[in-house]
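Undergrad: Test case, fold it:
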Amino acid sequence: MYIHARRRSISFSGRTVTIKAAVKGLNNKKHTFTVEKISGITNIPPTAFKPGRLVFDVKGASKAVVEDVPLYADKVDMNTFTYGGMDSKHVKELEAAIRKAMSG
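TA: Sure thing, here's the model as predicted:
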């Protein structure tokens with residue numbers, strides 16, 4: 001599964017999750033982790049004024065906020081995927097698939 005929203009993208013291969021964030025310059029930041037390292041997932045739905053957030057609790061991962069993001073990108077850590085209302089359905093499906101992989 002792959003979702004691109006708000007200058008971030010998330011992909012799930014069945015065992016690994018990769019979050020990419022746009023940063024100023026030529027390269028993007030990337031964080032890849034396996035489902036075994038995830039200790040929890042929080043999905044905060046979007047509102048009219050704030051984007052939704054899919055937040056992963058990943059053992060040993062940095063909580064440092066990505067500061068050098070381009071204009072209109074969200075300043076959050078690399079364990080967080082931000083999304084708009086149009087992507088809510090896809091994010092719920094992705095979350096369900098990741099939770100299923102975590103339990104099985």
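Undergrad: For the chain, just list every one of the strands.
TA: 2-5, 8-12, 16-21, 29-34, 38-44, 52-58, 80-83 (DSSP state E).
Undergrad: can I get those in JSON lines with mean pLDDT?
TA: Shown next, in JSON lines, are the strands of the chain (pLDDT from 0 to 100):
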{"stretch": "strand 2-5", "mean pLDDT": "96"}
{"stretch": "strand 8-12", "mean pLDDT": "97"}
{"stretch": "strand 16-21", "mean pLDDT": "97"}
{"stretch": "strand 29-34", "mean pLDDT": "96"}
{"stretch": "strand 38-44", "mean pLDDT": "97"}
{"stretch": "strand 52-58", "mean pLDDT": "97"}
{"stretch": "strand 80-83", "mean pLDDT": "96"}
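Undergrad: tell me the contacts of Ala21?
TA: Arg7, Arg8, Asn28, Lys29, Lys30, Val66, Val69, Ala73, Met78 (C-beta atoms under 8 Å, 6 or more residues apart in numbering). Any C-beta I mention is one placed from the backbone N, CA and C, and that applies to glycine too.
Undergrad: Over to Leu54?
TA: Contacts of Leu54 (C-beta under 8 Å, 6+ apart): Ile10, Ile41, Thr42, Asn43, Ile44, Thr80, Phe81, Thr82, Tyr83, Val91, Leu94, Glu95.
Undergrad: Buried among the contacts of Ala21? Make that a ChimeraX selection.
TA: With 16 or more other C-beta atoms under 10 Å as the burial test, the buried ones among these are selected in ChimeraX as follows:
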select :7,8,66,69,73,78
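Undergrad: start to end distance for stretch 36-56?
TA: One end of stretch 36-56 sits 12 Å from the other (C-alpha to C-alpha, to the nearest Å).
Undergrad: Contacts only, for Pro51.
TA: The contact partners of Pro51, by C-beta under 8 Å, 6+ apart, come to Arg6, Asp74, Thr82, Tyr83, Gly84.
Undergrad: Taking those, please make a ChimeraX selection of just the buried ones.
TA: In ChimeraX, a selection of the buried entries from the contacts of Pro51 looks like this (16+ other C-beta under 10 Å):
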select :6,74,82,83
